[in-house]
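# Structure for this input, please:
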Amino acid sequence: MYRGMFFSALLITAGIFFVVLPSGPHEISAHEEEVKVQEEFQVYIPSVSKTLYEIQEGDTLLGILQTEVGIEYEDAFTLVEQINEVFDITKIRMGNSITIQYEDDVLSKISYDINTSEELVLTPSAQDFLVERKDIEFEVRQATVSGSVESSFYQSALDVGLTDRMIMELATVFAWDVDFASSIQKGDYFSLVYENKYREGEFAGTGDLIAGRFVNNGEEFFTFLVKDTDGKNQYYNEDGDATERLLLKTPLSYKRISSGFSLNRKHPILGTFKTHRAIDFAADTGTPVETVGNGTVTFAGWSDTYGNYIKIDHGSGFTTAYAHLSKMYVSKGARVKQGDLIGAVGTTGRSTGPHLHYEMYKNGTPVNPLTTETPSGKPISEESKPNLQEVVDLYKSQL
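Residues are numbered from 1 along each chain as shown. I've put the predicted structure just below:
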């Protein structure tokens with residue numbers, strides 16, 4: 001009674017008046033209903049934190065689990081045995097990182113990237129750990145980029161935002177039609193649609209090159225990535241011909257030459273000049289030489305004129321030869337695959353300086369490797385042609 005009188009006196013003193021209505025049911029407003037629902041169904045979101053441990057020289061996984069995660073020796077030993085059944089722990093490398101994740105300060109996950117697409121995941125359960133190999137979850141976003149060659153293809157591609165990997169991917173896809181080692185010139189044009197991958201909001205590298213266009217010396221080439229009916233991804237032009245051909249345009253791989261290229265490093269390809277029966281590529285001694293196609297080595301040895309000399313029969317009437325090599329990595333009778341490393345540029349035999357003397361023969365007759373068309377790979381199947389047309393319709397206008 002006294003407390004009620006005192007409270008009423010305070011209200012009156014403050015100049016506040018209330019009209020007291022009879023208690024009873026009243027209509028709930030939409031706002032009140034929304035607040036009530038939010039309160040009833042509010043989801044608790046735990047606080048997540050991560051620690052990255054970079055593997056040091058001399059570290060063992062057993063030791064890391066004890067010192068960095070706090071797992072007792074016997075439990076850590078058992079966990080390592082579990083891991084070995086899923087992933088060979090000897091392949092865990094110094095310099096890579098192990099991610100230790102906590103939710104509300106309680107260990108919730110340990111992970112290690114096996115490669116760029118797969119991770120090892122350890123998840124605590126009631127008694128022990130669940131050990132799994134999982135595909136890394138990426139968010140994939142498509143990007144479209146175009147540019148023209150100024151000082152060099154590599155630098156021009158960097159200037160429009162392409163990564164090293166995507167530059168090499170573009171050069172690899174068009175390697176059967178374009179000689180990236182020597183025929184690129186100012187004014188050549190390129191455009192492509194490709195994938196960028198993101199992991200937890202952070203850029204995590206590039207994915208597939210989906211479609212591309214390259215204009216070299218005024219000649220236009222297209223390529224489109226199509227999933228065949230057998231589930232394999234292959235590149236075709238808009239007519240359904242495989243981008244891949246019997247022979248590459250050049251035995252000096254742009255990928256090997258330019259990988260790790262920087263503005264402080266001189267590009268080893270200095271130029272080419274035509275002779276009556278071959279192409280001479282001026283290049284630094286030691287520049288890797290690849291076979292331009294699958295085949296059998298019919299000669300690998302010394303020639304007074306050509307020095308270290310390799311000859312390869314590719315079938316379909318085509319033979320290639322590589323001369324003045326400083327090193328040879330194959331022998332007569334060896335089977336080689338397109339892109340295999342077979343030697344290194346040198347200046348052996350009758351040579352005035354380091355270069356690769358490259359020959360191509362068609363049915364025994366010398367031909368110009370840069371202008372001779374070689375057979376393309378298997379064309380797209382009839383069943384997959386609708387898939388190709390769908391991709392062409394979708395992406396060609398973007399190129």
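# now residue 168, what's its secondary structure?
Classification of residue 168 using DSSP: H, G, I helix; E, B strand; the rest coil returns helix.
# and it, how far is that from residue 331?
As judged by C-beta to C-beta, to the nearest Å, residue 168 and residue 331 stand 29 Å apart. In short, each C-beta sits where N, CA and C put it, glycine included.
# Tell me which of the two has more neighbours.
Ranked by neighbour count (other C-beta atoms under 10 Å), residue 168 and residue 331 place residue 168 first, with 21 against 11.
# Now do the strands in the stretch 201-350 of the chain.
202-216, 219-227, 233-236, 271-274, 279-282, 288-290, 295-303, 307-315, 318-325, 327-328, 335-336, 341-344 (DSSP state E, counting those that start in this stretch).
# Which one of these lies nearest to residue 128?
Of all these, strand 202-216 sits nearest to residue 128, with 30.5 Å by C-beta to C-beta.
# That closest one - contacts with which helices or strands?
Secondary structure elements in contact with strand 202-216, counted by 3 or more C-beta pairs under 8 Å, 6 or more residues apart in numbering; DSSP states H and E, are helix 164-173, strand 189-199, strand 219-227, helix 385-395.
# Repeat the analysis, applying 10 Å as the threshold.
Counting contacts by 3 or more C-beta pairs under 10 Å, 6 or more residues apart in numbering; DSSP states H and E, strand 202-216 packs against strand 139-148, helix 164-173, strand 189-199, strand 219-227, strand 233-236, helix 385-395.
# residues touching residue 298, list them.
For residue 298, the contacting residues are 310-313, 319, 321, 332-334, by C-beta atoms under 10 Å, 6 or more residues apart in numbering.
# Report the two of the residues you listed separated the most.
Farthest pair in the contacts of residue 298, by C-beta to C-beta: 321 and 333, 16.2 Å.
# which one of those two has more residues nearby?
Neighbours were counted for residue 321 and for residue 333 using other C-beta under 10 Å; residue 321 has more, 20 against 9.
# any idea of the pLDDT on the spatially closest residue to the more buried one that is not a sequence neighbour?
Sequence neighbours aside, residue 359 is the residue nearest to residue 321 in space, at 4.1 Å (criterion: C-beta to C-beta, 6 or more residues apart in numbering). pLDDT recorded at residue 359 is 94.
# quick check: angle from the helix or strand containing residue 359 to strand 318-325?
Per DSSP states H and E, residue 359 falls inside strand 355-362. Interaxial angle of strand 355-362 relative to strand 318-325 (axes from the mean of the first three to the mean of the last three C-alpha atoms, to 10 degrees): 160 degrees.
# Which parts of strand 355-362 count as buried, going by neighbours?
355-361 (16 or more other C-beta atoms under 10 Å).
# again with stretch 178-196
178-182, 184, 188, 190-196.
# Tell me the one of those nearest residue 287?
Using C-beta to C-beta, residue 181 is the member of those that lies nearest residue 287, at 9.5 Å.
# so what's the residue nearest to residue 321 up against?
275, 277-279, 306, 309, 311, 319-323, 366-367, 369.
# Present the contacts of residue 298 as CSV; the columns should include pLDDT and distance to residue 74.
Formatted as CSV, those follow (pLDDT from 0 to 100; distance: C-beta to C-beta, whole Å):
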residue, pLDDT, distance to residue 74
310, 98, 59
311, 98, 63
312, 98, 59
313, 97, 62
319, 97, 65
321, 97, 64
332, 96, 59
333, 96, 56
334, 96, 52
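# Can you flag the buried ones in those residues?
Judged by 16+ other C-beta under 10 Å, buried ones among these: 310-313, 319, 321, 334.
# which helix is the longest one in the protein?
helix 73-86 (DSSP state H).
# just how off-centre is whichever helix or strand comes after it within its chain?
Tracing the chain past helix 73-86, the next element assigned as helix or strand by DSSP H and E is strand 97-103. Distance, stretch centre to chain centre, for strand 97-103: 25 Å (C-alpha atoms, centre = their mean, to the nearest Å).
# for strand 97-103, which positions count as buried?
In strand 97-103, counting by 16+ other C-beta under 10 Å, buried: 98, 100.
# export that strand as CSV, just CAs?
Extracted in CSV, the C-alpha atoms of strand 97-103 (Å, rounded to 0.1, in the frame of the first residue of the first chain):
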residue,chain,number,x,y,z
SER,A,97,49.8,-24.7,-43.2
ILE,A,98,47.4,-26.5,-40.9
THR,A,99,44.2,-24.7,-40.0
ILE,A,100,42.9,-25.2,-36.4
GLN,A,101,39.3,-23.9,-36.0
TYR,A,102,37.5,-23.2,-32.8
GLU,A,103,33.8,-22.5,-32.1
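# Listing partners with orientation, what would you give for that strand?
Partners of strand 97-103 in the sheet, by DSSP bridges, are strand 48-54 (antiparallel), strand 106-113 (antiparallel).
# Which residues does it contact?
With C-beta under 10 Å, 6+ apart, strand 97-103 has contacts from 45-55, 59, 61, 64-65, 68-70, 92, 107-113, 119-123.
# mind showing which ranges of the chain have poor pLDDT?
1-42, 254-276 (pLDDT under 70).
# burial count for residue 125?
7.
# distance of it from residue 214?
Taken as C-beta to C-beta, the span from residue 125 to residue 214 is 53 Å.
# Which residue ranges make up each domain of this structure?
48-135, 139-245+377-384, 256-367 (automatic domain parsing).
# For the first one, measure first residue to last.
Going back to what we said before, that points to domain 48-135. Domain 48-135 stretches 22 Å from its first residue to its last (C-alpha to C-alpha, to the nearest Å).
# Now do that domain: distance to the chain's middle.
Distance of domain 48-135 from the chain centroid (C-alpha atoms, centre = their mean) equals 25 Å.
# What of the last one?
For domain 256-367, the distance from its own C-alpha centre to the chain's C-alpha centre is 28 Å (C-alpha atoms, centre = their mean).
# What of the second one?
Taking the mean of its C-alpha atoms, domain 139-245+377-384 sits 12 Å from the chain's own mean (C-alpha atoms, centre = their mean).
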